[in-house]
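Engineer: make a model of this:
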Amino acid sequence: MKSQDLKIEELIDFSEGWLSLKGRRLVIQDIHAFTQLRKDLLETIGIEQTRGILTRFGFFWGQADAAAMKRIFEWDNLREWILAGPRLQSIQGIARCVVKSLELDENSRNFRMEIIWNDCFEAREHLIEFGKGDQPMCWIMAGYSSGYATFCLKRDIYFMEEKCRARGDRVCMATGMEREAWGERISDYLRYFQSEDIYGKIIRLTEDLKKKQMEIERQRKRIALVDPTEAKNLIGVRSRSFRQVIATASQVAHFNSTVLIMGESGTGKEVLARYIHKHSHRNEGSFITVNCGALPDTLLESELFGHTAGAFTGANKDRIGLFEEAKKGTIFLDEIGDISPAMQIKLLRVLQEKEILRLGENRPRKIDVRIIAATNRDLEKAILEGIYREDLYYRLAVVVIQMPLLKERKEDILPLARYFVKRFSRKLRIPRLRLDASTLDTLLAYEWPGNVRELENVLERAAIFSLNGVIMPENLPSNIYRASGRPKAVNPLEMTLAQVEEEHIKNVLELTHQSKSKAAKALGISTATLWRKLKKDKE
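Structural biologist: Next up is the predicted model:
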């Protein structure tokens, strides 16, 4: 999981009378009411005490969010988990956060982070209510960032605001470092953080939430048993490999050169062909698709080149072919690797001479069309085997674009998934259809052998079986659902019989959500026997 993939609609369960972050209840609070509370605190207990209360409030908030992110997601690395903190601040609306720099070395314990808080709610409200002050005023923000980083790194990290709009600076900016790295500057600052064991409270609350979430999932499964109820710009372009594909396609779109798109089924070859057409000077012309592998030779020849009346039985009148119909446009020849040797010769003439012969006549006709071809076959191998013409290949492959597999562009999986969910929300008339946060890791863990087409079909199925418009992991096909929780492979030759039994019991308990009675039933033993085995394993 990457921090940039966090979306508020997938994190928060929006229900009437109940907002929650995967079991942790939330409330929506009015900013002006909070400003009034801040004003009352300042006027009754003074600036020092108010700053301490609000800093500790932010610190607790930050630690709670860090714990939630650890509980909900599997992060790519520690850096992404830390970057999720500023991302959460942004999507919660308290500021538009920009991470100016992040230095993180786990071996040397070096940590330094600079954050810019654009339009920070604390600075903005302070200016409106009190005017410009003489010190930084984003106390909750500094506490939040300190608490979040401290929880992630399990050591004391403190963020100090060095620039603040409430003090007259252009932006609000804070720097976070370890306690020792601040030196003497931290001495007076520490008193704002002095409180009881916040970290211990967060750990206990997190464990309670895990138990509650497991119970919610069990209830959801029981309910399900009772009541089962192309754009101009391509979607999901984050990965380096696919950005390179788009860069090549954008460059070649301005020219009439033939393009050969290669890649496995479902990788989006036709989508890319349409992208090239829409970005070319032929975009006002037709874009015509032909599946060359789906038609026999005679029918394919008639479709492509056209025919005259009487050319064959049933040809009652003249008919233009698709090459002529696509005049000043683009023709997309899909599955070009499946055409016969005879058709290869005829297509070679089209590419060489830019003219066609209709079936039943001898007069060649000039064509004005851009040709894009695609295949999932290895044409170079087919040439070596003597089943594909080398001269045709080189005519087709003026520019070759290799489509990457979806498993090679994991950064694009979530943007694509969200695009499909929005589309199916309209198509299936499921308002506010969304992915649950727990589904994201499941989608990322799967290999997607069917590529983008498989992802699309899987999400349509999941949308149909979702409850209340929320796509959960269990709504996905079982092979995909299991992929995210698949136990690590072990070598049976390296395990004793007792170890195999212990591992099997652990897996069954995991699948039954730690229910001893259900696990015992699945194992075919009594609950008392299961307890004895578990006790023996601990010893």
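
Engineer: now do the contacts for the closest residue to residue 11 other than its chain neighbours.
Structural biologist: The shortest distance from residue 11 to any non-neighbouring residue, by CB to CB, 6 or more residues apart in numbering, is to residue 437 (5.1 Å). Glycine gets a C-beta too; all of them are placed from N, C-alpha and C. Residues near residue 437 by CB atoms under 8 Å, 6 or more residues apart in numbering: 10, 11, 22, 72, 73.

Engineer: restricted to helices, list those residues.
Structural biologist: Among the contacts of residue 437, the members found in helices (DSSP state H) are 10, 11, 72.

Engineer: just the buried ones among those, please.
Structural biologist: Among the ones in helices among the contacts of residue 437, those scoring as buried are 10, 11, 72 (criterion: 16 or more other CB atoms under 10 Å).

Engineer: and those, which is closest to residue 116?
Structural biologist: residue 11 (23.1 Å; CB to CB).

Engineer: tell me the pLDDT at the closest one?
Structural biologist: On the pLDDT scale, residue 11 is placed at 86.

Engineer: which ones are touching it?
Structural biologist: Each residue near residue 11 by CB under 8 Å, 6+ apart is listed here: 21, 22, 72, 91, 437.

Engineer: could you redo the last one with a cut-off of 10 Å?
Structural biologist: By CB atoms under 10 Å, 6 or more residues apart in numbering, the contact list for residue 11 reads 20-22, 26, 68-69, 72-73, 88, 91-92, 436-437, 440.

Engineer: min pLDDT across those, which one?
Structural biologist: Lowest in pLDDT among these is residue 22, which has 75.

Engineer: wait, that one sits on residue 64?
Structural biologist: No - at 11.9 Å, residue 22 and residue 64 do not qualify as touching, with contact defined as CB atoms under 10 Å.

Engineer: and these two? which has more neighbours close in?
Structural biologist: Neighbour count, other CB atoms under 10 Å: between residue 22 and residue 64, residue 64 has more, with 22 against 19.

Engineer: what does the model give the residue nearest the centre of the chain for pLDDT?
Structural biologist: Relative to the mean C-alpha position of the chain, the nearest C-alpha, by CA atoms, centre = their mean, is the one of residue 414, at 1.8 Å. At residue 414, the model reports a pLDDT of 93.

Engineer: same thing with residue 264?
Structural biologist: Confidence for residue 264, expressed as pLDDT, is 94.

Engineer: residue 471 too?
Structural biologist: Looking at residue 471, its pLDDT stands at 93.

Engineer: ditto for residue 218
Structural biologist: Looking at residue 218, its pLDDT reads 60.

Engineer: in this protein, where is pLDDT below threshold?
Structural biologist: Low-confidence segments of the chain, defined by pLDDT under 70, are located at 195-206, 208-236, 484-495, 510-511, 513, 537-539.

Engineer: domain boundaries for it, per the record?
Structural biologist: Domains of the chain are assigned by automatic domain parsing as 3-206, 240-403, 407-483, 492-538.

Engineer: what segments of the stretch 351-500 of the chain are helices?
Structural biologist: 379-384, 390-396, 413-427, 437-445, 451-465, 478-483, 497-511 (DSSP state H, counting those that start in this stretch).

Engineer: switch the buried ones among the ones in helices among the contacts of residue 437 over to TSV, and while doing so, append distance to residue 516 to every line.
Structural biologist: Output for these, formatted as TSV (distance: CB to CB, whole Å):
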residue	distance to residue 516
10	33
11	33
72	26
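
Engineer: mind listing what residue 269 touches?
Structural biologist: Residues near residue 269 by CB under 10 Å, 6+ apart: 261-263, 332, 334-335, 372-376, 401, 403.

Engineer: 7 Å instead?
Structural biologist: The neighbourhood of residue 269, defined by CB atoms under 7 Å, 6 or more residues apart in numbering, consists of 261, 263, 374, 403.

Engineer: cool, and residue 267?
Structural biologist: 403, 405, 451, 452.

Engineer: which of the helices or strands spans the residue lying farthest from the centre of the chain?
Structural biologist: Of all residues in the chain, residue 310 has its C-alpha farthest from the mean position, at 56.1 Å, by CA atoms, centre = their mean. Using DSSP states H and E, residue 310 sits within no helix or strand.

Engineer: OK, contacts around it?
Structural biologist: Contacts of residue 310 were listed using CB under 7 Å, 6+ apart, and they are residue 360.

Engineer: again with residue 55
Structural biologist: With contact set as CB under 7 Å, 6+ apart, residue 55 has these partners: 139, 142, 143, 192, 193.

Engineer: again, but for residue 176
Structural biologist: Contacts for residue 176 (CB under 7 Å, 6+ apart) come out as 113, 145, 146, 149, 157, 158, 159.

Engineer: partners of it in the sheet?
Structural biologist: Here residue 176 sits in beta bridges with residue 113, residue 159, as judged by DSSP bridges.

Engineer: ok, it to residue 188 distance?
Structural biologist: With distances defined as CB to CB, to the nearest Å, the gap from residue 176 to residue 188 amounts to 17 Å.

Engineer: likewise for residue 372?
Structural biologist: Here residue 372 is placed at a distance of 68 Å from residue 188 (CB to CB).

Engineer: and the two? Which one has more around it.
Structural biologist: The neighbour comparison of residue 372 against residue 188 (other CB under 10 Å) goes to residue 372, with 30 against 8.

Engineer: the more buried one contacts residue 275, correct?
Structural biologist: No - proximity of residue 372 to residue 275 does not meet the contact threshold set by CB atoms under 7 Å, at 10.3 Å.

Engineer: hmm, who's touching the helix or strand encompassing residue 532?
Structural biologist: Using DSSP H and E, residue 532 maps to helix 527-538. Residues outside helix 527-538 that contact it (CB under 7 Å, 6+ apart): 502, 505, 516, 517, 519, 520, 523.
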